[in-house]
Every structure is written in structure tokens, then in C-alpha cells.
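Enquirer: return atomic coordinates for the entry below.
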Amino acid sequence: MTERLRAGIVGLSAIASKLPQRAEHAGMGIRLPASHASAYYAVPETELVAACDLRPERAAAFKHQWSELLPDLRVYRDHREMLAAEDLDLVSVVTSDHVHAQVVVDAAAAGTRGILCEKPVATTLADADRMIAAAEAAGIPMLVNHTRRWMSPWLQVAALIRDGTIGNVQRIVASQGGPRAMLFRTGTHICDSIAWFAGAQPQAVYALPEPGLEAYGPRYAGDGGRDPATDPALSVVIEFENGVRAFWNMCKTMPQVFDIDIYGERGCIRGRTFPGDEISVTVDVGNHRLLDEPLARVEHTSGWFAGCVTELVDLVRHGGQPSSGGRQARTALEIMLAALQSQAQGGVRVRWPIADA
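Expert: The predicted structure is shown next:
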């Protein structure tokens, strides 16, 4: 039997620490991983052996929460102490958005074999480049947790685009609403999906702020993802090198939506995240007729979190190209930073390559 990979977690917020949750659309009794900890617990090739948090009370609460399932779990206050004391194969970085970089660099230097970093990868290009360079110099994979890369409905959408079901993609329209319409914390998911479905590198961005936020930018000025008011909503147009244009509508004062529509030469794919990833495909069948059908739901018993960890294990053991690696995540970050720079200048066209403001 292959020895299990030893995992540690840095930062013990809810997305790091939740116990497994019951699946709504899977077989009776199945419990899906709802966090980094529960994913490592669920994937048989891994074992969670250590975790740390700057707040001792949070570390203690985590140890107590998992004591029945993982009685030997050790907790630390400092990530460097954990890295020095434990022989870790995998490290999850679940700190605030703007402080991922040093933890990733330290984990790579400590001999970790694979890293799973929360999204967005960073809030500056300089930090993202440090992280990518550290992982590549160490020869290890780094996955960034853009969740739709492991969600079956959105993998089906990517396959339909790849197979030419709607022809070459022409336009993408994304809508994100509600108080948590946050450019970085939640918007990075839509931004990464837009770039994924566009199938090319961005070449220019225009952006306008919501009223009252005209003075925000050109740099990220949030608190790492805790307060939605510090992470703005913007209206963004993205031009891609292959001619695709994306229109990304964010607004904190409209209903909570998280939708993506992809328009091709012969049809379109419409995706609605709430209440639960409903996808429909419309195809031109000729004679001015459009055939509209829902995409069949693929039931799952592991969930995207376990899919992410399973991919990381496979990359560590067999190599290959990550589905959501540092360089893909950097592209999403470039788009978001370009949007901040554009809106700070009244909506000017910001062209590639961009640099930190």
C-alpha cells in the first residue's frame, strides 16, 4: 500500500476547518468535504497531521472540533514552527488574501511536495510572482482553489466549449450581485471562469466603479477578505487575444446572483449558480430555430474539495499540468488589478502587459 501524504493547514477559518457535510444531491449517507481539513480526511491518499493559526483560541477550537476523528492532530501558532517540526508533504494556505505569499515561499523552502493555496492567489503581481517562482524552483505543484475547476457542471461546460458544441466563443456575460459582490474575495471565481472559458490571454480591460467608490484604487485596499465594504464591485469589460469579449457586471445592491452566459457562433450556454448550478445549452438547429435543453446534472459523491486534493496528490506522484495552477491564477489577478487601475483613471483602456500600480 502506498504511504499516505502528510498534510498541514495554515490558517483555520471556516473554509479550512469545517467537518464534512451531508450531500444534497448524492447517495444517502454520503458526506461531502466542506473544507481543507475534511478533504484531507476524505481522500484516502492523504492524512491531516498538523495545523496552525496565529490565534491560539482558534487553533485550540480546531483541535477540539476534530479530536474524535483525528485524535493525534497537532496544532501550532506559527507556520514556520509547524514546517520545522513536521515532515509535511502537502500544505494548505488558508490565510487572508493579502498574506498568502510568504507562507507559500516558506512551505516550498521547507521541502513540501505540493501546495494548495486559497484564492485569490495574491493581491499584488509581485507576491504572485514570488509564489510561482518558489514553487517552480522547488519543482512542486501549486494549486489555487478556484472551485469551479473541480465542479462537475462547470467541467461539463468547459468540455462543451472544447468540443465546439456552440462554435467558437464570441462573448461572455457574467453577473455578480449582493453585498458579497467583492472583486477579489468572491469575484476571483468568476474572473478565473471567464478566462478559462474564453480560452486565451487578456489584452485589455476597462472598468467603472459603483457610485461612491470612484476614489478606490488603483491598488487593492481590502482587509484580506473579511469586510465586504473594503472589496469593491466594478463593471468590467475584458478583451482577449482571440477576439472574445467579456462583460462582467458586479453590483452590491442588486440580488445575489452568480451567473455566466457563454455565447458562441452557433449557440450559447447559460449557467446559474444559485440555487444550485443550473446549466442550459441553446443550439441553432437551422431555419431560424433554437433548441434549448437543460444540461443533465451529474451526481457526485466526493465534491469539488476532494477533487482538488485528489488532483494535488496525482500531481505530486505523477507530475503533469495543474488545472488551476499559479499561472492561471495570476491571469485572473492581472484582470482584477487592471480593472482597479482602469476605474481609478475614469475607465480608461488598460493594455497588457500590466504592472502593479
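Enquirer: low-confidence stretches in the stretch 101-250 of the chain?
Expert: Along the stretch 101-250 of the chain, no part satisfies pLDDT under 70.
Enquirer: strands of the stretch 101-250 of the chain, start to end?
Expert: Using DSSP state E, counting those that start in this stretch, the strands of the stretch 101-250 of the chain run over 114-117, 142-144, 169-177, 202-209, 234-240, 245-251.
Enquirer: of those strands, which is nearest residue 337?
Expert: strand 202-209 (9.0 Å; Cβ to Cβ). For the C-beta atoms, the positions are set from N, CA and C on the backbone; glycine is no exception.
Enquirer: which stretch among the strands of the stretch 101-250 of the chain comes nearest residue 43?
Expert: If we rank these by Cβ to Cβ, the stretch that ends up nearest is strand 114-117, at 11.5 Å.
Enquirer: and the closest one, which strands flank it?
Expert: strand 90-93 (parallel), strand 142-144 (parallel) (DSSP bridges).
Enquirer: and the contacts of the first one?
Expert: In this case it means strand 90-93. With Cβ atoms under 8 Å, 6 or more residues apart in numbering as the contact definition, strand 90-93 has outside contacts at 5-11, 16, 36, 40, 46, 83, 100, 103-104, 107, 112-118, 309, 312-313, 316.
Enquirer: my guess is residue 264 meets residue 172, correct?
Expert: No. Between residue 264 and residue 172 there is no contact under Cβ atoms under 8 Å: 10.1 Å.
Enquirer: compare these two (neighbour count), which wins?
Expert: residue 172 (24 against 21; other Cβ atoms under 10 Å).
Enquirer: once you drop chain neighbours, what's closest to that one?
Expert: Taking Cβ to Cβ, 6 or more residues apart in numbering, and ignoring the residues beside it in sequence, residue 172 has residue 246 as its nearest neighbour in space, at 4.1 Å.
Enquirer: may I have the beta-bridge partners of that neighbour?
Expert: Bridge pairing for residue 246 - DSSP bridges - gives residue 172, residue 238.
Enquirer: report how many residues lie close to it.
Expert: 26.
Enquirer: same question for the one 4 residues further on.
Expert: With neighbours defined by other Cβ under 10 Å, the count for residue 250 comes to 25.
Enquirer: can you lay out the strands of the stretch 101-250 of the chain as CSV showing distance to residue 132?
Expert: Shown next, in CSV, are these (distance: least, Cβ to Cβ, whole Å):
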stretch, distance to residue 132
strand 114-117, 11
strand 142-144, 7
strand 169-177, 26
strand 202-209, 17
strand 234-240, 21
strand 245-251, 24
